[in-house]
Each structure stands twice: as C-alpha cells, then as structure tokens.
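Student: model this:
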Amino acid sequence: MNTIEFPVVTANEIRAIEARAHELRAQAMAAFLRSLGRGIASLPGKLSAMISRPHHA
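Tutor: You can find the predicted model right below:
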C-alpha cells in the first residue's frame with residue numbers, strides 16, 4: 001500500500017507561514033485598493049470625454 005508521509009512542522013514554522021500569508025493578503029488588498037482608486041479617479045475624465053465627443057451618425 002501507498003503511505004503518505006507528511007513533513008513535521010514546528011510551531012515556529014507555522015507562525016512564519018501565517019505571517020507570510022498575512023503579508024501576502026495585505027499586499028493583495030493594497031493592490032486592489034490602488035486599482036480601485038485609479039479607476040474611481042479616472043471616472044470624471046472618462047465621463048467628460050464621453051459627453052464632449054462629437055456624435056457621428
């Protein structure tokens with residue numbers, strides 16, 4: 001039969017993994033908020049461009 005052997009992980013390694021996961025989540029949230037901010041900041045320009053364009057038949 002096949003047996004699965006799991007690595008032995010210490011409490012310090014688990015804390016390091018959790019800290020890295022927290023850091024990655026924070027980076028992802030910061031990137032999302034920057035992207036959202038850029039999108040919101042570009043809305044007035046997009047709206048004014050849409051209104052000021054000549055309408056062709």
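
Student: Quick one: neighbours of Ile40, just the number.
Tutor: Other residues lying near Ile40 total 9 when counted by other CB atoms under 10 Å. Yep, even glycine has a C-beta here, placed from its N, CA and C like the rest.

Student: Ok, the one 10 residues further on next?
Tutor: Met50 is surrounded by 8 other residues when neighbours are defined as other CB under 10 Å.

Student: Next one: the most centrally placed residue in the chain relative to Glu13, how far apart?
Tutor: For the chain, the residue sitting closest to the mean C-alpha position, by CA atoms, centre = their mean, is Ala28 at 3.2 Å. The span separating Ala28 from Glu13 equals 23 Å under the rule CB to CB, to the nearest Å.

Student: do the same with Arg38
Tutor: The separation that Arg38 has from Glu13, given CB to CB, amounts to 38 Å.

Student: mind listing the helices in the protein by residue range?
Tutor: Assigned helices in the chain, in chain order: 11-52 (criterion: DSSP state H).
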